[in-house]
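Trainee: output the structure for:
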Amino acid sequence: MIRTKRKITKLRGSRSNGGGCTKKRRGAGHKGGKGRAGGKKHHWTWVVKFDPDRFGKHGFKRNKSIVKKSNPVNLDYLNVNSQELLKKGIASKEGDSIVIDVTDLGFNKVLAKGNLSIPLTIKSPSFSTSAQEKIENAGGEAIILE
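Mentor: Presented below is the predicted three-dimensional model:
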């Protein structure tokens with residue numbers, strides 16, 4: 001039930017203002033502790049309602065635009081899927097080698113996992129050194145895009 005009048009005004013002039021024995025409301029024990037006491041225990045519902053940012057980390061975050069993320073692709077993926085890429089029109093054929101631009105596939109780095117069985121000309125913003133060696137040993141070419 002909603003109280004229509006404040007109890008404190010109603011009980012002015014009485015000795016204990018509706019608190020029972022006069023010794024009962026002396027310390028901070030009647031309100032559950034001083035300051036931030038009980039924030040994770042008996043005052044938790046108050047914290048959730050009125051101060052939800054009390055706990056946890058707050059502060060600076062790294063700027064995500066500065067951090068460059070590499071999206072790599074391995075040589076074995078390009079070796080296996082080179083014929084399918086030709087059929088789809090993503091790759092083209094020049095002479096005896098297939099030309100693949102990995103940026104068209106959404107990648108920006110070529111790594112050296114796997115082996116090449118056919119000569120590939122691969123265009124990419126960056127290569128690992130071992131990937132460049134494997135491409136050249138298979139008779140292909142690694143072209144670095146700027």
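Trainee: what's the neighbour count on Thr121?
Mentor: Taking other Cβ atoms under 10 Å as the criterion, the count of residues near Thr121 is 20. To be clear about C-beta, it is placed using only N, CA and C from the backbone, and glycine gets the same treatment.
Trainee: with Ser97 instead?
Mentor: Neighbouring residues of Ser97 were enumerated by other Cβ under 10 Å; the total is 17.
Trainee: please apply the same query to Gly140.
Mentor: Residues near Gly140, counting by other Cβ under 10 Å, number 23.
Trainee: what's the spacing between it and Lys49?
Mentor: Computed as Cβ to Cβ, to the nearest Å, the Gly140 to Lys49 distance reads 65 Å.
Trainee: the strands in this protein, which residues?
Mentor: Chain-ordered strands for the chain, with DSSP state E as the definition, fall at 72-74, 92-94, 97-101, 109-111, 120-124, 141-144.
Trainee: now mean pLDDT and distance to Gly39 too, for those, in CSV please.
Mentor: CSV is the format used below for the strands of the chain (pLDDT from 0 to 100; distance: least, Cβ to Cβ, whole Å):
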stretch, mean pLDDT, distance to Gly39
strand 72-74, 94, 46
strand 92-94, 91, 65
strand 97-101, 93, 57
strand 109-111, 94, 48
strand 120-124, 94, 54
strand 141-144, 93, 57
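Trainee: and these: which comes nearest Ala37?
Mentor: strand 72-74 (52.6 Å; Cβ to Cβ).
Trainee: so which elements touch that closest one?
Mentor: Contact partners of strand 72-74 among helices and strands, from 3 or more Cβ pairs under 8 Å, 6 or more residues apart in numbering; DSSP states H and E: strand 109-111.
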